[in-house]
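> Here's a sequence, model it:
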Amino acid sequence: MVCLPLHKLGKILETHVKSQQTAEIKYGWKVAEIGEDVEKDKAWVKVEKADGSTEVREADYVVGCDGANSIIRRKLFGDWVYPGYTWDRQIVATNIYYDGFKDVDYDDSQFFVHPEHWHMVAKIQPDGLYRVTYGEVGGLTYDELKERQPAKFQAILPGNPTPDKYNLVNFSPYKVHQRCVDKMRVGRFLLAADAAHLCNPFGGMGLTGGIADVGSLYDSLRGIHNSQADDSILDKYDEVRRKIWHDVIDPISTQNMQRLFQYANADEFVETDPFYKTIKTMQNPDMKLGKGGPPNASIICR
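Numbers count the residues shown, from 1 in each chain. Next comes the predicted model:
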């Protein structure tokens, strides 16, 4: 498994975008206004540049793929319109160097189930940088979360280290949401990925769903460009991608997060949760799964 920090993934994506002759990347540009020119069959955006100047850009379609705080979504529906809910727990993402990881048999990534100290640990650089993401109670300020961080690490990390034993490189608290817009297409404006829907990060459903959005939207726009479809295919894009969020992404990601903290003890979740019951069944040496027999599987309760 390869776990990449976001800034490294961004550089890879940037390299691929720059290799496309028809693509431009404009840093320091911010959308200020949006609209449609009915006579020209065009959408337009007015942007504010870093130097304070403004410019209007036109296109057949505008795709808002600008994240959870999407300006395009806000202009379409309003600043505070994003159907769904915010979890009553929040998450703190940290990057650390800690020699204590060498003393335990950790894989590249692992999830820890606990009613209070649920967390994830993943190695993200060959030099020993780890991402440690842990759950916290909701409603705390940044300063309160920062004050609680040493005690959290002492509770969840192997060896129960004090701050002098590790190097905390990054500390990023954030709220967790399950949300989806009512429409991913409004005229010549389209939404994709976090601009259109959000879910908690456990399981990668948000990233995967965003990639699938873009792939589906690319196929739709290419079909219009090649006269293989009319623009009603964009309504189908809206319908199908929102249905997938409601039927697949939201329930699975919700279960993924609840699974980390909803059980008070290891025996309970192993015996009652369908996911863990499946893994336990896979551990049975008498079970036959094709020519290779049962796969290697284990449950480690910490």
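> What ranges does the stretch 201-302 of the chain have for its helices?
Assigned by DSSP state H, counting those that start in this stretch, the stretch 201-302 of the chain shows helices spanning 205-225, 233-244, 250-261, 266-272, 274-282.
> Check the ones you listed for me: which has the lowest mean pLDDT.
Least confident of the helices of the stretch 201-302 of the chain, judged by mean pLDDT, is helix 266-272 with a mean of 74.
> just to revisit the earlier point, same list, the helices of the stretch 201-302 of the chain, but as a markdown table with distance to residue 175 please.
Every residue, glycine included, has its C-beta placed from N, CA and C. Listed next are the helices of the stretch 201-302 of the chain as a markdown table, based on distance: least, Cβ to Cβ, whole Å:
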| stretch | distance to residue 175 |
| --- | --- |
| helix 205-225 | 14 |
| helix 233-244 | 22 |
| helix 250-261 | 13 |
| helix 266-272 | 25 |
| helix 274-282 | 25 |
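> quick one: which of those helices is nearest residue 8?
Among the helices of the stretch 201-302 of the chain, helix 205-225 comes nearest to residue 8, with 14.1 Å by Cβ to Cβ.
> now that closest one against helix 233-244, angle please.
Inter-element angle recorded for helix 205-225 and helix 233-244: 160 degrees (by axes from the mean of the first three to the mean of the last three Cα atoms, to 10 degrees).
> Tell me which other helices or strands helix 205-225 touches.
strand 197-198, helix 233-244, helix 250-261 (3 or more Cβ pairs under 8 Å, 6 or more residues apart in numbering; DSSP states H and E).
> Going by neighbour count, which residues of it are buried?
Applying a neighbour-count criterion of 16 or more other Cβ atoms under 10 Å, one finds 205, 206, 209, 210, 212, 213, 216, 217, 220, 221, 224 buried in helix 205-225.
> Dig out what residue 109 forms beta bridges with.
Counting by DSSP bridges, residue 109 forms beta bridges with residue 122.
> Start the count at 3 instead of 1 going forward.
Renumbered: residue one is now 3, and that last one reads residue 111.
> Was I right to think it contacts residue 121?
No: taking contacts as Cβ atoms under 8 Å, residue 111 lies outside contact range of residue 121: 11.5 Å.
> residue ranges for the strands of the protein, please.
With DSSP state E as the criterion, the chain has strands at 32-39, 44-50, 56-61, 64-66, 86-100, 111-114, 121-125, 131-139, 168-182, 187-188, 191-193, 199-200.
> OK, contacts around the most centrally placed residue in the chain?
The centre of the chain sits closest to residue 208, judged by Cα atoms, centre = their mean, with a distance of 3.9 Å. Residue 208 makes contacts with 195, 196, 199, 200, 201, 202, 251, 255, as judged by Cβ atoms under 8 Å, 6 or more residues apart in numbering.
> So which of those is the closest to residue 9?
Nearest member of the contacts of residue 208 to residue 9, counting by Cβ to Cβ, is residue 196, at 16.7 Å.
> Would you check how far apart that closest one and residue 68 are?
From residue 196 across to residue 68, the span is 8 Å (Cβ to Cβ, to the nearest Å).
> most packed of the helices and strands packed on helix 207-227?
The highest mean neighbour count among the helices and strands packed on helix 207-227, using mean count of other Cβ atoms under 10 Å, belongs to strand 199-200: a mean of 28.
> Give me the contacts around it.
For strand 199-200, the external contacting residues (Cβ under 8 Å, 6+ apart) are 70, 84, 86, 179-183, 208, 211, 244, 247, 251.
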